[in-house]
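Student: Build me a model from this:
(4 chains)
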There are 2 protein chains.
Amino acid sequence: MKHLRTLAYVTEIARAGSIRRAAERLSITPSALTRQIQDLEYELGTPIFERLAQGMRLNAAGELFVRHIRDQMADLDRVRSQIADLSGVRRGHVALACSQAFVTQVVPEEVETYRARFPLVGFTVQVRDHAQAVTALATFEADLALILQPPPSADLHPLYSGHQTLRVLMRSDHALAAEAGPVRLRDCLGHALALPDRSLAIRHHIEQALARRGVALQPTVESGSLEFLRNLTLREGVISLQVPSGIPQDPRLHSRPIDGRDLTPMALVLAQLRGRSLSVAAAKFADQLVARLNREGS
Amino acid sequence: MKHLRTLAYVTEIARAGSIRRAAERLSITPSALTRQIQDLEYELGTPIFERLAQGMRLNAAGELFVRHIRDQMADLDRVRSQIADLSGVRRGHVALACSQAFVTQVVPEEVETYRARFPLVGFTVQVRDHAQAVTALATFEADLALILQPPPSADLHPLYSGHQTLRVLMRSDHALAAEAGPVRLRDCLGHALALPDRSLAIRHHIEQALARRGVALQPTVESGSLEFLRNLTLREGVISLQVPSGIPQDPRLHSRPIDGRDLTPMALVLAQLRGRSLSVAAAKFADQLVARLNREGS
DNA sequence: CCGCCCTGTTGCCTGTCTTGCAACGGGTCA
DNA sequence: TGACCCGTTGCAAGACAGGCAACAGGGCGG
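Tutor: Predicted coordinates for the structure are as follows:
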């Protein structure tokens, strides 16, 4: 909106780190930018940027001010969403940061369901690990975060929390697929393993459990992409470990839960930033997602 | 600040009830105003005013939007105050709504003390009854409210709550001044009474207590001004009832507490609007006031 | 019923403020 | 030292807010 133009300039300069880079991204000239900033600093009675040879950096006052701008913009979004809601048509936008495990099934299904009811609501879905997800919430890049093993953070306000038991994933014709029921972890270690790499929470969870038993993990293949690992299990006779929410329904794939004695279930939360009030669209989507997670959890 | 100009226009039109009146108060022409509003409504995608023959009135969307504007302005004040605080010099402004009983001693003393330390902080002190005080908080006219017998309201966030025992106020040569210690209420009713009128919480408190005993109150003089009542007790031989905080130190005046069996102490709270974060200046003043009230209460 | 007064709105013009362009001064780095 | 990046500034062109005057429409008393 018009009256926030200058404020948007500030955040862009803070992000870009220099007036010239920001000017380029904003499609205006550096001179226009520098003047806006000078006027603003005059109004505030104090500089909000440090001028360095390499560019501009927010000073303490600037940090406070940028925080204010973000709050303000988020609040405006909320209000616009509420206003749109008055007219009966639900418009708005939902920004979600989620772990990779959920982009396969849960999130696309729920987005589709939601958009079937409210086609005017847009979505932004970003894949983030648990630490990045918290950052995304804090910088208002995301309204909601759906993450595994959330780091303890005072900024997180959980809307749902539950658990997911890890499952061994294999091709339907794999030896382990012959039996049913839970699998002991030691029975997996004998097979060729295709595991998530250390950028993913699943890997940390497994390693912690094994470390307690003094066992080292030697995966045959490791990857930051769960999708790659699934595709590999379809081609080779390797097995993988994934959370149930991320396992697509595919007759060629088979999965069995890991025995509870070997691996504790992983924590799963849907969270928002503490103290922030969501737009109508985001709040409704969160409700829907929580309902789904409750159904699955039971 | 510049970027809030249009938003200030909106609130002024909402307050004035018509574009022309608002234009006059803002010292611009109605045409400039109407255009600003049209642009804003276009940006929002929906009208925020109802056009009536008598003028403009906010619609539901407008109510939401004005609420947002107020929040935004208050938050900007807070941020500016925090920024000023970084430079070591404490600037800012404190707006206080208080019951009449406190303009005699408590508030002027505390303002003086505060301003001795931070001369760059300005004050707005308004006398408001308990209902008006809550309104003042809700409309951001006041940061803090110091009131007797606060109405139960979800919007109030108490920073201090205590009690004040009503005292009988008389000239030092009055018959009741001869004895010391608490006075029974019935001993007062025999003398000529100069009481606060029904616009003040003290009066309601007394009447409720007497109503329970089936006694009707027949004051000789009543007034909405506690100062007038005090001055009258200095001239005539009448007695009055006031809260201790409002009684000035004056050798010609004497006061004795009402017996606890006859009148329960009156509730006293310092409160802010729930969910609002105060400016540094207001928060520090609140701290100081709470310290004073705690000292007095003990 | 009509004129009067109040309301918001619109076309046109003007002054101010923002923006773009080009040039300048000052740092960093090879 | 020269190349390159940075923010900043003078000047001219454009956008935008504001003022003036006139218009359309509803409420109201004569």
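Student: Now do the buried residues in the strand or helix carrying residue A:136.
Tutor: Assigned by DSSP states H and E, residue A:136 belongs to helix A:130-138. Residues of helix A:130-138 classed as buried by neighbour count (16 or more other Cβ atoms under 10 Å in any protein chain shown): A:130, A:132-138. In this view, the C-beta of every residue, glycine as well, is placed from N, C-alpha and C.
Student: in its sheet, what does the following helix or strand past that helix sit against?
Tutor: Using DSSP H and E, the helix or strand that follows helix A:130-138 in sequence is strand A:144-148. Applying DSSP bridges to the sheet, strand A:144-148 is found paired with strand A:92-98 (parallel), strand A:266-273 (antiparallel).
Student: Please enumerate residues in contact with the next helix or strand after strand A:144-148?
Tutor: Counting by DSSP H and E, the element after strand A:144-148 in chain order, helix or strand, is strand A:156-164. For strand A:156-164, the surrounding residues in contact (Cβ atoms under 8 Å, 6 or more residues apart in numbering or on different chains) are A:134, A:137, A:144-145, A:148, A:150, A:243-245, A:265-276, A:286, A:289-290, A:293-294, A:297.
Student: 7 Å instead, please
Tutor: Contact partners of strand A:156-164, identified using Cβ atoms under 7 Å, 6 or more residues apart in numbering or on different chains, comprise A:134, A:150, A:243-245, A:265-274, A:286, A:290, A:293, A:297.
Student: Over to stretch A:263-273?
Tutor: For stretch A:263-273, using Cβ under 7 Å, 6+ apart, the contacting residues are A:137-138, A:143-150, A:155-166, A:185, A:201, A:205-206, A:209, A:243, A:278, A:286, A:289-290, A:293.
Student: And that stretch, what's buried?
Tutor: A:263, A:265-273.
Student: Can you add pLDDT and distance to DNA strand C and give the residues you listed back as TSV?
Tutor: Compiled in TSV, the buried residues of stretch A:263-273 are given as follows (pLDDT from 0 to 100; distance: Cβ to the nearest atom of the strand, whole Å):
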residue	pLDDT	distance to DNA strand C
A:263	92	49
A:265	93	50
A:266	94	44
A:267	93	44
A:268	94	45
A:269	94	42
A:270	95	40
A:271	93	37
A:272	92	34
A:273	86	31
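Student: Let me see the contact set for residue A:191.
Tutor: A:176, A:239.
Student: circling back: weed out the non-buried ones from the contacts of stretch A:263-273.
Tutor: A:137-138, A:143-150, A:156, A:159-160, A:162, A:164, A:166, A:185, A:201, A:205-206, A:209, A:243, A:278, A:286, A:289, A:293.
Student: Heading C-terminal from the lowest-mean-pLDDT helix or strand in chain A, find the next helix or strand.
Tutor: Of all regular secondary-structure elements in chain A, judged by mean pLDDT, DSSP states H and E, the least confident is strand A:221-223 with a mean of 84. Next helix or strand after strand A:221-223 toward the C-terminus (DSSP H and E): helix A:226-235.
Student: which strands and helices sit next to the helix or strand following that following helix?
Tutor: Heading C-terminal from helix A:226-235, the first helix or strand you meet, by DSSP H and E, is strand A:240-242. Applying 3 or more Cβ pairs under 7 Å, 6 or more residues apart in numbering or on different chains; DSSP states H and E, we find strand A:240-242 packed against strand A:167-171, strand A:194-196, helix A:201-213, helix A:226-235.
Student: Which stretch among those is buried most, on average?
Tutor: strand A:194-196 (a mean of 24; mean count of other Cβ atoms under 10 Å in any protein chain shown).
Student: Could you tell me which strands sit next to that one in the sheet, and their orientation?
Tutor: strand A:221-223 (parallel).
Student: Name the residues that touch the strand it pairs with?
Tutor: A:194-197, A:229, A:232, A:238.
Student: what about 10 Å?
Tutor: Strand A:221-223 has contacts (Cβ atoms under 10 Å, 6 or more residues apart in numbering or on different chains) with A:192-200, A:203, A:228-229, A:231-233, A:236, A:238, A:240.
Student: Which positions in chain A make contact with DNA strand D?
Tutor: A:2, A:18-21, A:30-31, A:34-35, A:37-38, A:51, A:53-56 (Cβ under 7 Å from any atom of the strand).
Student: Let's have the helices and strands packed on strand A:240-242 in a markdown table, adding distance to residue B:255 and mean pLDDT.
Tutor: Formatted as a markdown table, the helices and strands packed on strand A:240-242 follow (distance: least, Cβ to Cβ, whole Å; pLDDT from 0 to 100):
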| stretch | distance to residue B:255 | mean pLDDT |
| --- | --- | --- |
| strand A:167-171 | 79 | 94 |
| strand A:194-196 | 77 | 89 |
| helix A:201-213 | 69 | 89 |
| helix A:226-235 | 78 | 88 |
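Student: Can you get me a residue count around residue A:60?
Tutor: As a burial measure, residue A:60 scores 14 neighbours (other Cβ atoms under 10 Å in any protein chain shown).
Student: okay, now whichever residue of the stretch 101-250 of chain A sits closest to chain B: neighbour count?
Tutor: Residue nearest to chain B within the stretch 101-250 of chain A: residue A:120 (11.4 Å; Cβ to the nearest Cβ). Using other Cβ under 10 Å, the number of residues around residue A:120 comes to 12.
Student: tell me the pLDDT at the residue in the stretch 101-250 of chain A positioned nearest to DNA strand C?
Tutor: Nearest residue of the stretch 101-250 of chain A to DNA strand C, counting by Cβ to the nearest atom of the strand: residue A:140, 23.3 Å away. Residue A:140 carries a pLDDT value of 78.
Student: Test my guess that it contacts residue A:71.
Tutor: Yes: in terms of Cβ atoms under 10 Å, residue A:140 counts as a neighbour of residue A:71; the distance is 8.2 Å.
Student: if I look at the two, which residues touch both of them?
Tutor: In contact with both residue A:140 and residue A:71: residue A:276, using Cβ under 10 Å, 6+ apart.
Student: What score does residue A:88 have for pLDDT?
Tutor: At residue A:88, pLDDT is 66.
Student: Residue A:78 too?
Tutor: 91.
Student: can you count the residues close to it?
Tutor: 22.
Student: Kindly report the same for residue A:27.
Tutor: 6.
Student: Find the nearest non-adjacent residue to the residue of the stretch 101-250 of chain A closest to chain B, please.
Tutor: With sequence-adjacent residues excluded and distances taken as Cβ to Cβ, 6 or more residues apart in numbering or on different chains, residue A:120 is closest to residue A:91, at 4.4 Å.
Student: circling back: of the buried residues of stretch A:263-273, which pair is most distant in space?
Tutor: Spanning the widest gap among these are A:263 and A:273, at 30.5 Å by Cβ to Cβ.
Student: Residue A:10 versus residue A:38, what's the distance?
Tutor: Separation of residue A:38 from residue A:10 (Cβ to Cβ, to the nearest Å) stands at 12 Å.
Student: Those two: who's more crowded?
Tutor: Shown here are residue A:38 and residue A:10; by other Cβ under 10 Å, residue A:10 has more neighbours (24 against 11).
Student: Put the alpha carbons of the helix or strand containing that one into CSV.
Tutor: Element membership for residue A:10, per DSSP H and E: helix A:5-16. C-alpha atoms of helix A:5-16 as CSV (Å, rounded to 0.1, in the frame of the first residue of the first chain):
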residue,chain,number,x,y,z
ARG,A,5,6.3,2.7,0.3
THR,A,6,9.1,4.3,2.2
LEU,A,7,9.0,1.7,4.9
ALA,A,8,9.3,-1.1,2.3
TYR,A,9,12.4,0.7,1.0
VAL,A,10,13.9,0.5,4.4
THR,A,11,13.4,-3.2,4.7
GLU,A,12,14.7,-3.8,1.2
ILE,A,13,17.9,-1.8,1.9
ALA,A,14,18.4,-3.7,5.2
ARG,A,15,18.0,-6.9,3.3
ALA,A,16,20.1,-6.0,0.3
